[in-house]
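Peer 1: have a look at this fold, sequence not included:
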DNA sequence: TAACTTCTGTTAGAAGTTCTAACACAAGTT
DNA sequence: AACTTGTGTTAGAACTTCTAACAGAAGTTA
């Protein structure tokens, strides 16, 4: 099955895209468990086994969805960050955070696909690490430039030689971000967990019965990073 | 099917407990999707349909697991909080946070059952709201007593008459916590999202490839609430 | 003790699921 | 025209949840 012919390649890609498009609809409607190879095939007008010519199995279809989602998210935040070059650093941080939230709320199921409960037995392919890093990298670059404006480092756990800082430094070095100051790494990590804390609960509907506006809480958390 | 006989009631409860015990094992091993009525029955030495005498359907079994988990979590944090009466307020806040984290890490699958990706089509029974509130309530009471030690309220979004504060006030009043100061409610909410932000990513294994100690980050986030 | 009700189990089966095997045929290449 | 590759088919294995119909034990009552 070594596809080389151009027209066939094109047709093949289109078929895969259509399958993934329907899979995303199922994901939105019924969650990850609702993605059914059989049902996708039926909606495409073919029989179930036909789709196994395009995806080795259901997990490989999910892999593609995960990859696409990471890619899409990175595009979104990179565009937001690139579109605010020259503006105040605080503004750019908000711009990243807003883009992140907008993406999550526009397609909650995709956000949960990336950050939600991991599927048992399912292991994301290795290349998703790099794809995920694109989003983190966009954020870190904004934080790095804003680091002059960030509150001074005067707490012990935040010190550049704290255990946490040292661990992060190692990670960053391995990922080619060795030039970043540990404080930036720490702020980035904390920022990410705080934003995710709000978003994941919002997207999962946990705030539903409480009846307040999560946007206000989200904004407060972004502010906390810039002023604490 | 109106069970009244004592011995039968007891036997019935034991059977349900055994089924739930096995379900928890499946949950731990294969996630929520891996909970199979049929497989549980098989392991109990009965046929599949027999279990439908005890649980109307699969969702009702899940309901029971969710209820048990909320209950168990509340027990854990209530015990921790009760065990530190008289100690410094900061210490008690840490005590709550540590108990929360310990529970989550001891049984990640149960944590994800409560706070992870919501199951499509599945709606938690109404009484879980009250059960969930037990945990929140324990935290709020500690925060309330610690409120004198908390940093002063000097930011606009945190003002007692901000939109967010007013919304939270209304929620608290409806839940019988009307006596709490809006600042306490705000702190509680922010605290919760921050702790969850770290925990959910840790439990989902998202920190895995980064190789740092999440406990340090968690502790930093707890500190942030007490000093920001 | 006998009759009756309730509860708990059984098997059979419908309607799904993923995925493999074997086969048919069209499209593109030589 | 013959050959290879790609794409579809049907059949079927091994699962799943869940219903229906039936068997028999356990507990209650006359």
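Peer 2: Thanks, I have it. Being a predicted model, the structure only gives us computed values, none of them experimental.

Peer 1: around DNA strand C, pick out the residues from chain A.
Peer 2: Chain A comes close to DNA strand C at residues A:5, A:7-8, A:35-39, A:48-49, A:52, A:57-59, as judged by Cβ under 7 Å from any atom of the strand. In short, each C-beta sits where N, CA and C put it, glycine included.

Peer 1: show the buried residues in those residues.
Peer 2: A:35, A:36, A:37, A:58 (16 or more other Cβ atoms under 10 Å in any protein chain shown).

Peer 1: show me these that map onto helices.
Peer 2: If you go by DSSP state H, those have A:37, A:58 in helices.

Peer 1: ok, the buried ones among the residues of chain A next to DNA strand C vs chain B, which is closest?
Peer 2: Chain B lies nearest to residue A:35 out of these, by Cβ to the nearest Cβ, at 10.5 Å.

Peer 1: need the pLDDT of that closest one.
Peer 2: We have a pLDDT of 96 for residue A:35.

Peer 1: picking up where we left off before, what would the residues of chain A next to DNA strand C look like in TSV with distance to residue A:72?
Peer 2: Formatted as TSV, the residues of chain A next to DNA strand C follow (distance: Cβ to Cβ, whole Å):
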residue	distance to residue A:72
A:5	29
A:7	28
A:8	27
A:35	17
A:36	23
A:37	22
A:38	26
A:39	23
A:48	28
A:49	30
A:52	26
A:57	23
A:58	21
A:59	20
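
Peer 1: which of the three states applies to the residue in chain A that chain B sits nearest to?
Peer 2: Here chain A gets closest to chain B at one residue, residue A:197, 2.6 Å apart by Cβ to the nearest Cβ. Recorded secondary structure, residue A:197: helix (DSSP: H, G, I helix; E, B strand; the rest coil).

Peer 1: right, and it touches residue B:193 too?
Peer 2: Yes: contact criterion Cβ atoms under 8 Å: residue A:197 and residue B:193 qualify, at 3.9 Å.

Peer 1: identify the contacts common to the two.
Peer 2: residue A:221 (Cβ atoms under 8 Å, 6 or more residues apart in numbering or on different chains).

Peer 1: tell me what angle whichever strand or helix holds residue A:192 forms with helix B:182-203.
Peer 2: Following DSSP states H and E, one finds residue A:192 within helix A:182-203. Counting by axes from the mean of the first three to the mean of the last three Cα atoms, to 10 degrees, helix A:182-203 lies at 100 degrees to helix B:182-203.

Peer 1: low-confidence ranges in chain A?
Peer 2: Along chain A, segments meeting pLDDT under 70 span A:1-6, A:121, A:150-158, A:228.

Peer 1: and chain A, what are its domains?
Peer 2: A:1-56, A:63-223 (automatic domain parsing).

Peer 1: which of the ones you listed sits most buried?
Peer 2: A comparison of the domains of chain A by mean neighbour count, using mean count of other Cβ atoms under 10 Å in any protein chain shown, puts domain A:63-223 on top with a mean of 18.

Peer 1: quick one: is stretch A:86-105 near chain B?
Peer 2: No: using Cβ under 8 Å from any Cβ of the partner chain, stretch A:86-105 never reaches chain B; the gap is at least 12.9 Å.

Peer 1: where's the closest residue to residue A:19 other than its chain neighbours relative to residue B:227, distance?
Peer 2: Sequence neighbours aside, residue A:40 is the residue nearest to residue A:19 in space, at 5.4 Å (criterion: Cβ to Cβ, 6 or more residues apart in numbering or on different chains). Going from residue A:40 to residue B:227 by Cβ to Cβ, to the nearest Å gives 52 Å.

Peer 1: now do the SS call for residue A:87.
Peer 2: Quick answer, by three-state DSSP: residue A:87 is coil.

Peer 1: helix, strand or coil: sort out the closest residue to it other than its chain neighbours for me.
Peer 2: Once flanking residues are discounted, residue A:87 sits nearest to residue A:95: 7.6 Å by Cβ to Cβ, 6+ apart. Secondary structure assignment for residue A:95 (three-state DSSP): helix.

Peer 1: on that earlier part again, which other helices and strands contact the helix holding residue A:192?
Peer 2: helix A:89-106, helix A:108-115, helix A:127-146, helix A:163-174, helix A:214-227, helix B:182-203, helix B:214-227 (3 or more Cβ pairs under 8 Å, 6 or more residues apart in numbering or on different chains; DSSP states H and E).

Peer 1: among the ones you listed, which comes closest to residue B:68?
Peer 2: The closest of the helices and strands packed on helix A:182-203 to residue B:68 is helix B:182-203. By Cβ to Cβ, the value is 18.2 Å.
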